[in-house]
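Enquirer: just coords:
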């Protein structure tokens with residue numbers, strides 16, 4: 001039996017997935033807000049231990065922790081859990097400073113416990129479908145992609161009790177692309193074997209009266225080791241409907257465009273005998289269901305009920321399997337740090353005239369002389 005502790009009431013997004021896996025028990029939960037803690041524990045049900053203090057929870061007999069607290073807590077809590085001998089799955093982002101990312105890799109390497117990055121947008125079925133199509137060469141050689149996260153969070157800067165939310169500081173109290181990984185993670189699935197080597201961030205400035213430092217949208221250009229390009233846009237300040245999962249992919253043989261609103265459709269287009277280059281036509285992505293990974297096609301109703309058509313189940317399943325196999329998952333600490341660093345470096349870039357910033361090569365046993373950022 002693998003016993004799980006959940007830090008933060010937002011961790012309930014993993015609830016259905018955890019309950020759908022055999023020999024897994026949600027044994028404990030921690031939250032500073034006692035009312036939220038009691039409400040969450042009631043939803044979980046069963047004999048769950050409740051804690052107000054995170055350190056008290058990780059001293060219990062749990063095996064792993066899912067960290068779903070505000071982003072500035074992620075690294076301190078991950079380090080404490082790893083030192084206590086617990087496996088960790090952390091929600092995004094991995095950390096809030098570059099130095100934190102270096103510390104995180106060092107601690108994961110020191111204690112040898114599983115660390116998984118909880119980037120659930122990667123587990124979107126169509127992201128996985130496009131990944132398989134890329135693998136099969138359907139798009140040819142992929143060389144450009146876009147990801148957008150457009151989510152007006154103006155109502156989240158103050159808590160219902162009138163106190164200032166952490167989002168006013170760690171998210172929108174800074175400049176740059178503070179929340180990149182919902183876009184970076186999925187599009188990097190379509191560039192197998194690549195890593196981001198440099199970024200530059202651009203902004204139109206501030207066009208609101210909220211009094212916060214966050215720009216009215218940022219656009220970050222990322223270049224990979226082989227020169228491929230990713231355009232990542234994040235805008236949480238402008239008045240507009242939500243569009244938190246827009247993607248575009250371009251290859252030598254075709255392209256993919258995701259829907260841009262709920263009434264739109266996902267579409268692909270390819271060069272072929274019936275569609276020469278100058279007469280290419282859009283087709284529904286649904287027509288290419290053959291490329292959907294089997295575990296999504298064969299997902300049970302219970303697995304789908306976990307959320308995102310099975311995605312919220314499979315991310316938890318991969319974490320549990322990594323613990324059982326004692327093998328670091330695909331979404332390991334190094335991917336977590338690289339994708340998070342896109343945002344952290346973007347703050348330096350945009351405040352220095354969109355200067356190009358070099359991405360550290362996050363990897364095992366990284367030399368100490370590489371653990372620095374220079375302008």
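Expert: Everything's here; your move. This is a predicted model, so every value here is computed, not measured.
Enquirer: so where's the stretch 251-375 of the chain uncertain?
Expert: Counting by pLDDT under 70, the stretch 251-375 of the chain contains low-confidence residues at 273.
Enquirer: at which residues are the strands of it located?
Expert: Under the criterion DSSP state E, counting those that start in this stretch, the stretch 251-375 of the chain carries strands at the ranges 254-257, 267-270, 283-284, 357-358.
Enquirer: just put those strands in JSON lines and tack on mean neighbour count and distance to residue 48.
Expert: Where you see a C-beta, it was placed from the backbone N, CA and C, and this is true even at glycine. JSON lines is the format used below for the strands of the stretch 251-375 of the chain (neighbours: other Cβ atoms under 10 Å; distance: least, Cβ to Cβ, whole Å):
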{"stretch": "strand 254-257", "mean neighbour count": "22", "distance to residue 48": "42"}
{"stretch": "strand 267-270", "mean neighbour count": "18", "distance to residue 48": "45"}
{"stretch": "strand 283-284", "mean neighbour count": "13", "distance to residue 48": "44"}
{"stretch": "strand 357-358", "mean neighbour count": "18", "distance to residue 48": "44"}
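Enquirer: these: which one's closest to residue 313?
Expert: Ranking these by proximity to residue 313 (Cβ to Cβ) places strand 254-257 first, at 24.4 Å.
Enquirer: helices of the stretch 201-350 of the chain, residue ranges please.
Expert: Using DSSP state H, counting those that start in this stretch, the helices of the stretch 201-350 of the chain run over 294-297, 301-305, 311-325, 333-350.
Enquirer: which residues does the first one contact?
Expert: Okay, so that is helix 294-297. Residues from elsewhere that reach helix 294-297 (Cβ atoms under 8 Å, 6 or more residues apart in numbering): 125, 128, 129, 289, 309, 310, 314.
Enquirer: re the thing from before, for residue 56, which of the strands of the stretch 251-375 of the chain is the nearest?
Expert: Smallest distance to residue 56 across these (Cβ to Cβ): 39.7 Å, for strand 357-358.
Enquirer: the closest one: how far from the chain's middle?
Expert: 21 Å (Cα atoms, centre = their mean, to the nearest Å).
Enquirer: can you put the helices of the stretch 201-350 of the chain in TSV and add distance to residue 84 and mean neighbour count?
Expert: Output for those, formatted as TSV (distance: least, Cβ to Cβ, whole Å; neighbours: other Cβ atoms under 10 Å):
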stretch	distance to residue 84	mean neighbour count
helix 294-297	32	14
helix 301-305	31	15
helix 311-325	15	21
helix 333-350	17	25
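Enquirer: mind checking those helices for the one nearest to residue 240?
Expert: In terms of Cβ to Cβ, the element of the helices of the stretch 201-350 of the chain nearest to residue 240 is helix 333-350, at 20.5 Å.
Enquirer: which elements pack onto that closest one?
Expert: Using 3 or more Cβ pairs under 8 Å, 6 or more residues apart in numbering; DSSP states H and E, the elements in contact with helix 333-350 are helix 98-111, strand 115-117, helix 181-188, strand 196-202, strand 218-224, strand 357-358.
Enquirer: the helix or strand containing residue 43 packs against which elements?
Expert: Secondary structure assignment for residue 43, by DSSP states H and E: helix 34-44. Counting contacts by 3+ Cβ pairs under 8 Å, 6+ apart, helix 34-44 is packed against strand 24-30, strand 49-51.
Enquirer: swap the cut-off to 7 Å and go again
Expert: Helices and strands touching helix 34-44, by 3 or more Cβ pairs under 7 Å, 6 or more residues apart in numbering; DSSP states H and E, are strand 24-30.
Enquirer: between the strand it packs on and helix 34-44, how big is the angle?
Expert: Calculated by axes from the mean of the first three to the mean of the last three Cα atoms, to 10 degrees, strand 24-30 forms an angle of 170 degrees with helix 34-44.
Enquirer: in its sheet, what does strand 24-30 sit against?
Expert: Applying DSSP bridges, strand 24-30 is found paired with strand 2-7 (parallel), strand 49-51 (parallel).
Enquirer: dump the residue contacts of the residue nearest the centre of the chain.
Expert: The residue lying closest to the centre of the chain (Cα atoms, centre = their mean) is residue 119, at 2.9 Å. By Cβ atoms under 7 Å, 6 or more residues apart in numbering, the residues touching residue 119 are 92, 181, 185, 331.
Enquirer: repeat the analysis, applying 8 Å as the threshold.
Expert: For residue 119, the contacting residues are 92, 181, 182, 185, 331, 336, 339, by Cβ under 8 Å, 6+ apart.
Enquirer: and for the nearest residue to it once chain neighbours are set aside, the neighbour number?
Expert: Closest residue to residue 119 apart from its sequence neighbours, by Cβ to Cβ, 6 or more residues apart in numbering: residue 185 at 4.3 Å. Each residue near residue 185 was counted by other Cβ atoms under 10 Å, and the total is 22.
Enquirer: my guess is residue 185 contacts residue 121. True?
Expert: Yes. Under the criterion of Cβ atoms under 8 Å, residue 185 makes contact with residue 121 at 5.9 Å.
Enquirer: where are the low-confidence patches of the stretch 1-150 of the chain?
Expert: Ranges of the stretch 1-150 of the chain meeting pLDDT under 70: none found.
Enquirer: dump the helices of the stretch 201-350 of the chain into JSON lines; add distance to residue 238 as well.
Expert: What follows is the helices of the stretch 201-350 of the chain, written out as JSON lines (distance: least, Cβ to Cβ, whole Å):
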{"stretch": "helix 294-297", "distance to residue 238": "33"}
{"stretch": "helix 301-305", "distance to residue 238": "33"}
{"stretch": "helix 311-325", "distance to residue 238": "27"}
{"stretch": "helix 333-350", "distance to residue 238": "16"}
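Enquirer: which one of these lies nearest to residue 25?
Expert: Across the helices of the stretch 201-350 of the chain, residue 25 has its closest neighbour in helix 311-325 (11.3 Å, Cβ to Cβ).
Enquirer: what packs against that closest one?
Expert: strand 2-7, helix 15-19, strand 64-67, strand 87-90, strand 115-117, helix 301-305.
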